[in-house]
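>>> Based on what follows, work out the 3D shape:
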Amino acid sequence: MIRTKSSLPSDPLTTADPALRVRARGAATNDAGRFEPYARAPADDGWDMPEEERLLRTEVSEERPRSMLNFVASPDLPFDRTINPYRGCEHGCSYCFARPTHAFLGLSPGLDFETKLVARPGATAVLAREIGRKGYKVAPIAIGTNTDPYQPIEARYRIMREVLKLLSDWNHPVAIVTKGALIERDIDLLADMARRGLAQVGISVTTLDPGLSRRMEPRAPAPARRLQAIRSLSDAGVPVRVMASPMIPALNDHEMEAILQAGADAGARASSWILLRLPLEVSPLFRDWLARAEPGRAAHVMNLLREMRGGADYDADWGKRMRGEGTYADLLARRFQIAARRCGLDGRLPPLDCGAFRRPLARDGQLALFEGL
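The predicted model follows:
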């Protein structure tokens, strides 16, 4: 059934098609994005015949990007440019703040975000053209700040590996954020870049509880596997930051100190934390997940979060969106400072080298944009 969105309540969310078998997904709903004039809702057609059950599977389409570099201007962020090899993320984290970006594709930030993915196999050629421009000014490129570059489909598309080869050939600095253990595949490239001061990695460890991780991040690697990735990267000489993110009050925030200690034991050199963010469609999606996965704690979690967000589910103001405000937020920040200092993670990773950047030349004097890719 299709109805105008104005005729549908915004909360609770529309349930997914009951004929779909949803397995290991973070969302259970698939409401239309905020830009769509219509919403779809399942309805009984009146026929006394059972629907054939269908397993909801991941679909991947391809996009030929016109540009790859996204320039950002935020005082909350330590970088000014990012790239995204993929749109959507199969990890299916119930709390992912990137979910609303799927609305720009006419897709749902709910199940569509996890199951209708977009790969960008032309990314490397486009990126080479952009950083090869005469007026380009070098600064570290951040990858993984929106969707995870090492989600499962990277094993097939290998876009990240191609991007890293390009950046390595051009001596361009990069900072990567991921939950994906697949990053170990590229240790050869990352270790070589790290020796030249060109690479650093942040590994997000949300919880050490494998059960909670499975419920909250259904297709992301288990916590122990992420800690192993930290160890593998660190042993190879790649600077790694353990990211205790997001911290969710009354759900995983009691683990903050243990996560930092586990990261330090695995070889991390620095640490960070971010408070749970619930922009736009993420808020009702996360509340729906809480009601299903943690019904006994749902009200307490949201009450504490709103206490740190000025009474709302989210506050997007710079300076507040990453940390919150109020007594509980101050306590979290203080706990992090003490734990990071105790674990030896209160310093910064070595700065990335922006002075070594060179546009490689082929034998005929033309830019070797794709040599070795």
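>>> pLDDT at the nearest residue to residue 212 once chain neighbours are set aside, what is it?
Residue nearest to residue 212 in three dimensions, not counting chain neighbours: residue 252, with 6.7 Å by Cβ to Cβ, 6 or more residues apart in numbering. Just so you know, the C-beta spots here come from the backbone N, C-alpha and C atoms, and that holds for glycine as well. Note for residue 252: predicted pLDDT of 98.
>>> Once you drop chain neighbours, what's closest to residue 107?
In space, residue 107 is closest to residue 116, 5.6 Å off (Cβ to Cβ, 6+ apart).
>>> and that neighbour, how far is that from residue 240?
Here residue 116 is placed at a distance of 32 Å from residue 240 (Cβ to Cβ, to the nearest Å).
>>> Could I have the CA atoms of the helix or strand that contains residue 191 written out in PDB?
Per DSSP states H and E: residue 191 is located in helix 187-195. The C-alpha trace of helix 187-195 is given here as PDB (Å, rounded to 0.1, in the frame of the first residue of the first chain):
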ATOM      1  CA  ILE A 187      48.800  -4.300   5.900                       C
ATOM      2  CA  ASP A 188      51.500  -4.600   3.300                       C
ATOM      3  CA  LEU A 189      50.500  -1.200   1.800                       C
ATOM      4  CA  LEU A 190      49.600   0.400   5.200                       C
ATOM      5  CA  ALA A 191      52.900  -0.600   6.800                       C
ATOM      6  CA  ASP A 192      54.900   0.800   3.900                       C
ATOM      7  CA  MET A 193      53.000   4.000   4.000                       C
ATOM      8  CA  ALA A 194      53.300   4.200   7.800                       C
ATOM      9  CA  ARG A 195      57.100   4.000   7.500                       C
END
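>>> about what we covered before: isn't the residue nearest to residue 212 right up against residue 207?
Yes. The criterion here is Cβ atoms under 8 Å, and residue 252 meets it with residue 207 at 4.6 Å.
>>> what residues are up against the residue nearest to residue 212?
Residue 252 sits next to 206-207, 209, 212 when contact means Cβ atoms under 8 Å, 6 or more residues apart in numbering.
>>> Helices of the stretch 1-150 of the chain, start to end?
111-115, 123-131 (DSSP state H, counting those that start in this stretch).
>>> got the ones you listed as JSON lines, with distance to residue 233 and mean pLDDT columns?
Formatted as JSON lines, the helices of the stretch 1-150 of the chain follow (distance: least, Cβ to Cβ, whole Å; pLDDT from 0 to 100):
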{"stretch": "helix 111-115", "distance to residue 233": "26", "mean pLDDT": "97"}
{"stretch": "helix 123-131", "distance to residue 233": "22", "mean pLDDT": "96"}
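>>> which of those helices sits most buried?
Ranked by mean neighbour count, the helices of the stretch 1-150 of the chain are led by helix 111-115 with a mean of 26 (mean count of other Cβ atoms under 10 Å).
>>> got the contact list for that helix?
Taking Cβ under 8 Å, 6+ apart as the rule, helix 111-115 contacts 16, 22, 25-30, 56-59, 88-92, 96, 98-99, 102, 107, 219.
>>> quick one: low-confidence ranges for the stretch 251-373 of the chain?
361-373 (pLDDT under 70).
>>> which one of the contacts of residue 252 has the most neighbours?
Neighbours here are counted as other Cβ atoms under 10 Å. On that basis the top member of the contacts of residue 252 is residue 206, with 26 neighbours.
>>> which two of the contacts of residue 252 lie the greatest distance from each other?
206 and 209 (9.4 Å; Cβ to Cβ).
>>> Overlap in contacts, the two.
223, 252.
>>> Now do the contacts for residue 316.
residue 279.
>>> pretty sure it is in a helix, no?
No. Residue 316 is assigned coil when assessed by DSSP: H, G, I helix; E, B strand; the rest coil, not a helix.
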